[in-house]
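**Q** heads up, no residue letters with this:
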Ligand SMILES: [Zn+2]
């Protein structure tokens, strides 16, 4: 089998699983994951969790997830999407990345990593973070402890115009 055929096959399988909202085994696993975190696995939460946690790690805004849910036939309000993302974040199943006061992304990758944010395209990508933990915890003033920290490297495309 050629590489391109294998890739096409893989894409087909992945697409099939993505469009099966009632895959009972996956639903049951997600349901247990929500329960273990103290969240009641409502139908809407399960549907959103399925969109978030199926496939590879991703960054998604509330608006993007809302659009995605609607396009897959999940009837849910933007307010419910916000609420669900906040709950998932508060129990530690999602990480929130605030890139500016008007824009937050939710990250399914809970490992320690930095982000590179492209200001013009809005693209947020993961980057390795090599910092000694004591370097970061050393920044916490006496009598406090480190809760979390974010490293966001902001970039923009180089101007193509020659300067001067
Ligand atoms: Zn990330």
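**A** Structure received. Here the structure is a predicted model, which means the values were calculated and not measured. Residues are numbered from 1 along each chain as shown.

**Q** walk me through the domains of this structure.
**A** 1-109, 111-164 (automatic domain parsing).

**Q** weakest of those by average pLDDT?
**A** Lowest mean pLDDT within the domains of the chain: domain 1-109, a mean of 83.

**Q** do that domain and the ion come into contact?
**A** Yes. Applying C-beta under 5 Å from the ion, one finds domain 1-109 touching the ion at 107, 109. For every residue, glycine as well, the C-beta is placed using N, CA and C.

**Q** let's number from 23 now, not from 1
**A** That works, and once the first residue is 23, the last one we named lands at domain 23-131.

**Q** that domain: how far from the chain's middle?
**A** Remark: domain 23-131 is offset 8 Å from the chain centroid, using C-alpha atoms, centre = their mean, to the nearest Å.

**Q** hang on, residue 180 in a strand?
**A** No. For residue 180, which was evaluated using DSSP: H, G, I helix; E, B strand; the rest coil, the result is coil, with no strand membership.

**Q** what sits against the residue nearest to residue 149 when sequence neighbours are not counted?
**A** Leaving aside its sequence neighbours, residue 149 sits nearest to residue 136 (C-beta to C-beta, 6 or more residues apart in numbering; 4.5 Å). By C-beta atoms under 8 Å, 6 or more residues apart in numbering, residue 136 lies in contact with 148-151, 173-175.
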